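K.L.:
what's the 3D shape of this:
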Amino acid sequence: MDIATILIIFQIIILIFAVIIHEVSHGVIALALGDPTAKLAGRLTLNPIPHIDIYGSIIVPLVLGISSSGAFMFGYAKPVPFNPYLLRDQKWAPALVALAGPGSNLLLALGLGALYRIAGLFMTIPQEVAQLFFIAVLINIVLAVFNSIPIPPLDGSKIIAPLLPYNIIRSKAYAVLEEQGMFIVLIFALFGFRLISPLIFGLTNVILG
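P.N.:
Take a look at the predicted model:
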């Protein structure tokens, strides 16, 4: 097995772990705010089996990884079930639940960065290990930044929803945007990713020092 294949497999493993943490975080915060739906569905677990989406967690990352020679990889897990009507705060709680996903990936990236920096104080980190840290931090930053884009159904659209006028949220145009949002997200991922790539790589380099 060559090094390129090993790196792609490593990226898929990190990606699966990162998206599971992302989804579980949604459920944990929802539970804390009054919605037990994810817990009752058995989704508040780090066991990957209930979370893996064959298409989004395996096929898409594998195709992207191979086609880009490991340069770009993205994926997703099965969304954690969520009932906003069970939340104690109907206005702000859904935004907090949405924020938990990207926030968890940012915290993971910061934790990995702290581990890398601390290890660097006591030893010279081999280049191969440094590359693995870079990949792990980068994947989490990609998930944090990309999911924060305010396009439905991404988390960013739910994070900013309480700040939007009620008539916009309830408008037909917004309903159409929500229905067609995944198509827009796909177009952005294919053609607009370069717009956020400087932020992604900038944050990754800052975290790792």
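K.L.:
Just confirm Pro142 contacts Phe74, I think it does.
P.N.:
For the record, residue 142 is Val, not Pro. Yes: when contacts are counted by CB atoms under 8 Å, Val142 is listed as touching Phe74 (6.6 Å). C-beta here means a position set from N, CA and C on the backbone, and glycine is covered the same way.
K.L.:
out of those two, which sits in the busier spot?
P.N.:
A count of neighbours by other CB atoms under 10 Å puts Val142 above the other of Val142 and Phe74, at 24 against 17.
K.L.:
what about that one, which SS state?
P.N.:
Secondary structure, DSSP: H, G, I helix; E, B strand; the rest coil: Val142 is helix.
K.L.:
OK, contacts around it?
P.N.:
Contact analysis of Val142 by CB atoms under 8 Å, 6 or more residues apart in numbering lists Phe74, Ile200.
K.L.:
That one and Ile118: what is the separation?
P.N.:
Going from Val142 to Ile118 by CB to CB, to the nearest Å gives 24 Å.
K.L.:
Met81 touches Thr37, doesn't it?
P.N.:
For the record, residue 81 is Pro, not Met. Yes: with contacts counted by CB under 8 Å, Pro81 reaches Thr37, the gap being 4.7 Å.
K.L.:
Show the low-confidence segments of this protein, by residue range.
P.N.:
The model of the chain has pLDDT under 70 over residues 1, 65, 68-73.
K.L.:
Nearest the geometric middle of it, what residue?
P.N.:
By CA atoms, centre = their mean, the chain has its centre lying nearest to Leu143, at 3.2 Å.
K.L.:
close enough to count as contact, it and Asn105?
P.N.:
Yes: applying CB under 8 Å, one finds Leu143 in contact with Asn105, separated by 4.3 Å.
K.L.:
Can you check which residues contact both of these two?
P.N.:
Common neighbours of Leu143 and Asn105 (CB under 8 Å, 6+ apart) are Ala18, His22.
K.L.:
just the helices in the protein please.
P.N.:
3-32, 37-40, 60-67, 93-122, 127-147, 155-160, 166-169, 172-187, 193-208 (DSSP state H).
K.L.:
Any idea which of these gets closest to Ile52?
P.N.:
Minimum separation from Ile52 across the helices of the chain (CB to CB) falls at helix 3-32, 6.9 Å.
K.L.:
so how far is that closest one off the chain centroid?
P.N.:
From the chain centre to the centre of helix 3-32 is a distance of 8 Å (CA atoms, centre = their mean, to the nearest Å).
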